[in-house]
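Colleague: Take a look and give me a structure for this.
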Amino acid sequence: MKNNSVIRALGHAALTFLYVGAVAWFMSNAEDAFDVIPEIFAGITMLTLFVISAAVTGSLVVGRPILLYLEGKKSEAIRFFGYTLGWLFLFLLSILSFVLLQS
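Modeller: Model prediction:
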């Protein structure tokens, strides 16, 4: 079961990483769109995106560990959470390494 948890955690971390990348891409490219709409709607859009992002990434990072914990699988829940954070950290290190090597 441990190997399955590592692979599942990798999937959750990859989906989280892809989602964060998509939001970052949107935010870097949406500046032109927000110039033509009233400031209040830009603020509403960004805050709503923040709430949605918190829900999506929260469910991907802690959703399964919470379910496992509630099922009584406490050690598996903690391991899964740790694996997910570990994969995310490795993704972050990969991106930082790539950026630093490019400069």
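Colleague: Tally up the residues packed near Asp67, please.
Modeller: Careful, residue 67 is Leu; it's not Asp. 12 (other Cβ atoms under 10 Å). From N, CA and C alone the C-beta is placed, and that goes for glycine too.
Colleague: For the residue nearest the centre of the chain, give its distance to Arg64.
Modeller: Centrality entry for the chain: nearest residue to the mean C-alpha point is Thr16, 3.0 Å, by Cα atoms, centre = their mean. From Thr16 over to Arg64 the distance is 12 Å, taken as Cβ to Cβ, to the nearest Å.
Colleague: quick one, helices of the chain?
Modeller: With DSSP state H, the ranges of helices along the chain come out as 2-29, 31-35, 39-58, 64-70, 74-102.
Colleague: who does the third one touch, helix- and strand-wise?
Modeller: If I follow you right, that is helix 39-58. Contacts defined by 3 or more Cβ pairs under 8 Å, 6 or more residues apart in numbering; DSSP states H and E place helix 39-58 against helix 2-29.
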